[in-house]
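Q: show me how the following folds:
(chains A and B)
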2 protein chains.
Amino acid sequence: MVISAPSGAGKTTICKRLLQTSFSFTYSVSFTTRPPRKNEIEGVDYYFVSREEFERLIKEGGFVEWAEVHGELYGTSKKLLEETIKAKKNVLLEVDVRGGTKIKENYPEAVLIFLLPPSWEELERRLKGRGTEEEKKIQKRIERAKEEVKYASRYDYLVINDDVNRAVEDILSIVKAEALRVKRFSKEEVENFLSPG
Amino acid sequence: MVISAPSGAGKTTICKRLLQTSFSFTYSVSFTTRPPRKNEIEGVDYYFVSREEFERLIKEGGFVEWAEVHGELYGTSKKLLEETIKAKKNVLLEVDVRGGTKIKENYPEAVLIFLLPPSWEELERRLKGRGTEEEKKIQKRIERAKEEVKYASRYDYLVINDDVNRAVEDILSIVKAEALRVKRFSKEEVENFLSPG
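A: As a prediction, this is how the structure comes out:
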């Protein structure tokens, strides 16, 4: 399951809440060249690497998707993702809006969710509330968010984060419903669902 | 939303429960030539009509789908269905497994759910528990059910009715998730979701 959103839509909060549910998601930690924010932990929030290291990984084909966002590099490790899928875990990915469509190309069974803030005003309020960035950077994020929303139509689902509890519930409904899709079962599984009488 | 199932899977119970939820479904009452069972009400459970009347409606193109099941005719009125869709209501249809795929052809936005009993043994137990039919008829229903299960792969979702509460919850998750699918929104709606800043 891939969750994308303009920054400030509440993606990180939602993902943390999802990890606390009984759905046993495994969060796929991204790599980034961005310096850690206060309270961010190596290997939990991100793997923080140098630009040189990141570029080496790109050359080696180590990323399923990577993107430059606000001058910093972010990427999803192919090795980590494959290991988690092999372990048959529900993988939760938090990626850039362009990254989501790249993942779908390689993993057609991926479920893409686009998270939206309830309004531009609320998005601005949230970005300012973080208190970690200056006005110029915030305006840049908002400009980018307007571009990013255009990618929503390539996603599978649209969830509005006007209330964290409701957004989490919406996402859990999507997860439950997706698990019931006929295409998730093999033909054999469907026909043997009822043990032969 | 179309729910199909082999008879005895608990389709009618599930549909009744769904109508009691807050999702404001409108049940599309089918036409049938089958005589009413004890407690069945005209216009609520079915519109009970003669074979002559039913055949006249077929000729007039009055059914979205119709089928002969155990020697009796069942059909979904095109007029009633269109009226409900126009009123923008969530329509709940309970149709034969062949009928579901016919409805999808005419209404691609339809969501098809296939309901399964947990096992053949349980199906037989439920059919006998009804106490309305003789052994020969029950065996005929079971034979038919085995044929019907083959249609499951043409449906969108598979729900196992091992517990009514859980099956209803599963279906409500599907309804919630389907309402969040990007394809349910127009391009305009997606882009205007955030009022322009």
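
Q: pull the residues that contact the lengthiest helix in chain A.
A: Taking DSSP state H as the criterion, chain A has its longest helix at helix A:164-179. With CB atoms under 8 Å, 6 or more residues apart in numbering or on different chains as the test, helix A:164-179 has contacts from A:1, A:3, A:10, A:13-14, A:17-18, A:21, A:23, A:90, A:111, A:113, A:115, A:157, A:159-161, A:184, B:157, B:170, B:172-174, B:176-178, B:180. In this view, the C-beta of every residue, glycine as well, is placed from N, C-alpha and C.

Q: of those residues, buried ones?
A: Neighbour counting with 16 or more other CB atoms under 10 Å in any protein chain shown marks A:1, A:3, A:10, A:14, A:17-18, A:90, A:111, A:113, A:115, A:157, A:159-161, B:157, B:170, B:172-174, B:176-178, B:180 as buried within the contacts of helix A:164-179.

Q: flag the shaky bits of chain A, pLDDT-wise.
A: A:132, A:191-197 (pLDDT under 70).

Q: which parts of it are strands?
A: Here chain A has its strands, by DSSP state E, at A:2-4, A:25-27, A:30-32, A:46-48, A:63-69, A:72-77, A:90-94, A:112-116, A:157-160.

Q: turn these into a markdown table, columns for distance to B:Glu40.
A: Shown next, in a markdown table, are those (distance: least, CB to CB, whole Å):
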| stretch | distance to B:Glu40 |
| --- | --- |
| strand A:2-4 | 47 |
| strand A:25-27 | 46 |
| strand A:30-32 | 58 |
| strand A:46-48 | 62 |
| strand A:63-69 | 56 |
| strand A:72-77 | 56 |
| strand A:90-94 | 44 |
| strand A:112-116 | 43 |
| strand A:157-160 | 39 |
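
Q: gap between A:Asp156 and chain B?
A: Relative to chain B, A:Asp156 is positioned 6 Å away (CB to the nearest CB, to the nearest Å).

Q: now that residue: closest residue in space that isn't a chain neighbour?
A: A:Leu112 (4.6 Å; CB to CB, 6 or more residues apart in numbering or on different chains).

Q: burial measure for the one you found, as a count.
A: Close neighbours of A:Leu112, defined as other CB atoms under 10 Å in any protein chain shown, add up to 22.

Q: distance-wise, check the spatially closest residue to A:Glu68 that is not a sequence neighbour relative to A:Glu82.
A: Once flanking residues are discounted, A:Glu68 sits nearest to A:Tyr74: 7.9 Å by CB to CB, 6+ apart. According to CB to CB, to the nearest Å, A:Tyr74 stands 19 Å off from A:Glu82.

Q: for those two, work out which one has more neighbours and name it.
A: A:Tyr74 (22 against 13).

Q: what's near enough to touch the more buried one?
A: A:30-32, A:34, A:66-68, A:95-96, A:99.

Q: which among those count as buried?
A: Neighbour counting by 16+ other CB under 10 Å classes A:30-32, A:66-67, A:95-96, A:99 among those as buried.

Q: with distance to chain B added, can I get these in a markdown table?
A: Listed next are those as a markdown table, based on distance: CB to the nearest CB, whole Å:
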| residue | distance to chain B |
| --- | --- |
| A:Ser30 | 24 |
| A:Phe31 | 28 |
| A:Thr32 | 26 |
| A:Trp66 | 24 |
| A:Ala67 | 21 |
| A:Val95 | 17 |
| A:Asp96 | 18 |
| A:Gly99 | 17 |
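
Q: nearest to B:Asn39, of the residues you listed?
A: Of all the buried ones among the contacts of A:Tyr74, A:Val95 has the smallest distance to B:Asn39: 54.7 Å, by CB to CB.

Q: wait, A:Arg144 sits on A:Pro6?
A: Yes: using CB atoms under 8 Å, A:Arg144 is in contact with A:Pro6, at 7.1 Å.

Q: of these two, who's got more company?
A: Neighbours were counted for A:Arg144 and for A:Pro6 using other CB under 10 Å; A:Pro6 has more, 26 against 15.

Q: correct me, but A:Phe54 touches A:Glu72?
A: No: contact between A:Phe54 and A:Glu72 fails when scored by CB under 8 Å: they sit 9.4 Å apart.

Q: so what sits against both of those two?
A: Common neighbours of A:Phe54 and A:Glu72 (criterion: CB under 8 Å, 6+ apart): A:32-33.

Q: who's more crowded, those two?
A: Legend: neighbour count by other CB under 10 Å for A:Phe54 and A:Glu72, higher for A:Phe54 (22 against 13).

Q: tell me how many other residues crowd A:Asn39.
A: By other CB under 10 Å, 6 other residues sit near A:Asn39.

Q: from A:Gly100, how far out is it?
A: 26 Å.

Q: what do you get for A:Leu158?
A: 12 Å.

Q: which residue is nearest the middle of chain A?
A: The residue lying closest to the centre of chain A (CA atoms, centre = their mean) is A:Glu94, at 1.9 Å.

Q: now that residue, which residues is it bridged with?
A: A:Ile3 (DSSP bridges).

Q: nearest to A:Arg125 among the buried ones among the contacts of A:Tyr74?
A: A:Asp96 (22.5 Å).

Q: apart from its chain neighbours, what residue comes closest to that closest one?
A: A:Ala67 (4.4 Å).

Q: and that neighbour, what does it touch?
A: A:73-75, A:95-96, A:98-99.

Q: now do the contacts for A:Asp96.
A: For A:Asp96, the contacting residues are A:4, A:65, A:67, A:69, A:74, by CB under 8 Å, 6+ apart.

Q: kindly recompute the last result at 7 Å.
A: A:4, A:67, A:69, A:74 (CB atoms under 7 Å, 6 or more residues apart in numbering or on different chains).

Q: repeat for A:Val190
A: Contacts for A:Val190 were tallied using CB under 7 Å, 6+ apart; they are A:182, B:152-153, B:158.
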